[in-house]
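> After the sequence you'll find the predicted model.
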Amino acid sequence: MIWASIRMGAQDHRLLLPSIITVFTNLFFAALLYVTASTKVNVTACAVSGKMGQLINSQQLNTNLDPSGFGNIGSLMNSDTMMLGASIVAVWWLTNRFLEGVTTALVYSHLTEGSGSGKFSIACQAVFSSLPAIVMLGAATLIAKKLAGWMRDKRGTGMLGFGVNFLAQVVEVFWTLAGHLILPAIVIEGTSFWGAMKRADRIAQGNLLTIGVGEVGVDAICRAVSGLVYFIGVGGLAAHIYLATQQNIELPAPVLTMVALAWAGLVVIVTAASLYIRAAFYTCLYVWAIEAESVEAAERINITAPAPLAHALA
């Protein structure tokens with residue numbers, strides 16, 4: 001599946017473009033969130049320091065409940081700070097889903113109309129017109145994750161606790177899989193969120209998909225490869241520190257720079273490939289389901305899966 005998806009991307013490099021952009025937008029939003037948090041912390045620290053000085057000078061520091069004491073410091077961490085962080089995260093999520101939708105649209109065109117048939121601008125327009133449904137998908141995903149977290153927090157002990165924890169995992173995994181099938185329905189068919197929900201339900205009820213993500217192991221393999229790349233980076237840094245501190249061997253700065261840039265490039269490539277492969281996998285599943293739905297149940301055995309998925313099933 002992975003190699004077939006990579007070959008499909010090699011035939012049409014535009015399929016990989018949204019995933020590459022996603023990597024850099026993730027870096028941008030992570031940096032923005034960090035800078036925002038750091039700025040707020042510094043401003044708060046200065047305000048707290050000034051407040052403490054005023055309190056000590058005026059001898060008004062009594063208790064945490066004193067209206068003129070530390071009780072007012074909590075107001076420095078107001079709802080605006082939390083709202084700003086939540087807004088950044090929300091836009092971050094929406095950007096990722098938008099680019100995933102663009103990948104879905106491009107892969108769908110590639111599978112149904114041939115290599116090079118999809119246009120990036122048309123795919124963006126299709127996803128942009130579906131933003132309300134994608135936003136609702138995000139809200140439903142947040143609710144599902146909150147529900148799963150609440151169930152874990154409220155679990156009891158013994159068999160009851162095990163059952164609640166298992167149910168929470170089922171909710172989280174089910175919605176993750178459902179969400180990946182709902183997004184193609186929204187993008188490919190241009191349906192609403194509720195229409196996509198019904199579409200995914202029909203796919204599940206009709207047993208149109210006979211393979212799950214766990215059987216192919218796409219997520220596990222992508223995480224393993226990403227972990228290996230990160231391990232190489234950490235191992236290289238540890239080796240450099242060892243050589244510098246224990247062996248007194250200093251590598252030239254240009255060499256270190258080239259190695260660091262090569263590793264950073266590898267991280268970008270592997271991360272983008274993982275994002276692309278996941279999107280391609282679920283798009284292939286959805287295309288397969290559409291084709292299987294169009295024929296009678298007895299004839300579905302003759303339906304050929306899209307090329308990447310067919311290679312995985314071979």
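Nice, thanks for sending it over. Because the structure is a prediction, the values reported are computed rather than measured. Numbers count the residues shown, from 1 in each chain.
> Give me the helix or strand of this protein that scores worst on average pLDDT.
Considering only helices and strands, the least confidently modelled element of the chain by mean pLDDT, DSSP states H and E is helix 213-216, at a mean of 50.
> Any regions of the protein where pLDDT drops low?
The chain contains residues with pLDDT under 70 at 1, 40-80, 153-180, 204-217, 294-305, 309, 311-314.
> packing partners for the helix or strand harbouring residue 221?
Assigned by DSSP states H and E, residue 221 belongs to helix 218-245. Secondary structure elements in contact with helix 218-245, counted by 3 or more C-beta pairs under 8 Å, 6 or more residues apart in numbering; DSSP states H and E, are helix 2-11, helix 253-293. All C-beta spots, glycine's among them, are computed from the backbone N, C-alpha and C.
> Now do the longest one and helix 218-245, the angle between them.
Taking axes from the mean of the first three to the mean of the last three C-alpha atoms, to 10 degrees, one finds helix 253-293 and helix 218-245 inclined to each other by 170 degrees.
> just checking, what packs against helix 253-293?
Under the contact rule (3+ C-beta pairs under 8 Å, 6+ apart), helix 253-293 is packed against helix 2-11, helix 17-58, helix 79-113, helix 158-189, helix 193-205, helix 218-245, helix 307-313.
> does residue 117 sit in a helix, a strand or a coil?
In the three-state summary, residue 117 is assigned as coil, counting by DSSP: H, G, I helix; E, B strand; the rest coil.
> quick one: the residue lying closest to it once chain neighbours are set aside from residue 225, how far?
Distance criterion C-beta to C-beta, 6 or more residues apart in numbering; nearest residue to residue 117, sequence neighbours excluded, is residue 109 at 4.7 Å. Using C-beta to C-beta, to the nearest Å, residue 109 is found at 27 Å from residue 225.
> cool, and residue 32?
28 Å.
> Looking only at neighbour counts, state which of the two leads.
Taking residue 32 and residue 225 together and counting by other C-beta atoms under 10 Å, residue 225 has the greater number of neighbours (16 against 13).
> just to revisit the earlier point, so how many other residues sit close to the residue nearest to residue 117?
Here the count is done by other C-beta under 10 Å, and residue 109 has 22 residues near it.
> can I assume it is in contact with residue 120?
No: taking C-beta atoms under 8 Å as the contact criterion, residue 109 and residue 120 are not neighbours in contact, 10.5 Å apart.
> where's residue 132, which helix or strand?
Counting by DSSP H and E, the element that carries residue 132 is helix 131-153.
> so how many other residues sit close to residue 259?
A count of neighbours around residue 259, defined by other C-beta under 10 Å, yields 15.
> cool, residue 23 as well?
Other residues within reach of residue 23, judged by other C-beta under 10 Å, total 19.
> Over to residue 97?
23.
> what's it in contact with, if anything?
Remark: with contacts taken as C-beta atoms under 8 Å, 6 or more residues apart in numbering, residue 97 is in contact with 134, 137, 138, 183.
> By neighbours, which of these wins?
Neighbour counts for these, by other C-beta under 10 Å, peak at residue 183, which reaches 25 neighbours.
> wait, it sits on residue 102?
No: under the contact definition of C-beta under 8 Å, residue 183 does not touch residue 102, with a separation of 11.0 Å.
> any residues in contact with both of these two?
Common neighbours of residue 183 and residue 102, counting by C-beta under 8 Å, 6+ apart, are absent.
> and the gap between residue 199 and residue 187?
When C-beta to C-beta is the yardstick, residue 199 and residue 187 sit 12 Å from each other.
> In terms of packing, which of these two has more residues around it?
For residue 199 against residue 187, the residue with the higher neighbour count under other C-beta under 10 Å is residue 187, and the figures read 28 against 22.
> Could you report the separation of that one from residue 126?
Taking C-beta to C-beta as the measure, residue 187 and residue 126 are separated by 6 Å.
> quick one: common contacting residues for these two?
Looking at what touches both residue 187 and residue 126 (by C-beta under 8 Å, 6+ apart), the common residues are 101, 105.
> list the contacts for the residue lying closest to residue 91 once chain neighbours are set aside?
Counting by C-beta to C-beta, 6+ apart, residue 91 lies nearest to residue 29, which is 7.4 Å off, once chain neighbours are set aside. Contacts for residue 29 were tallied using C-beta under 8 Å, 6+ apart; they are 88, 89, 91, 92, 95.
> Look up the closest residue to the second one, ignoring the ones flanking it.
If you skip the residues right next to it in sequence, residue 89 has residue 33 as its closest partner in space, 7.2 Å away by C-beta to C-beta, 6+ apart.
> burial count for the one you found?
Every residue meeting other C-beta under 10 Å relative to residue 33 is counted, giving 15.
> again, but for residue 257
By the measure other C-beta under 10 Å, the count of residues near residue 257 is 10.
> do residue 4 as well
The burial count assigned to residue 4 is 19, neighbours taken as other C-beta under 10 Å.
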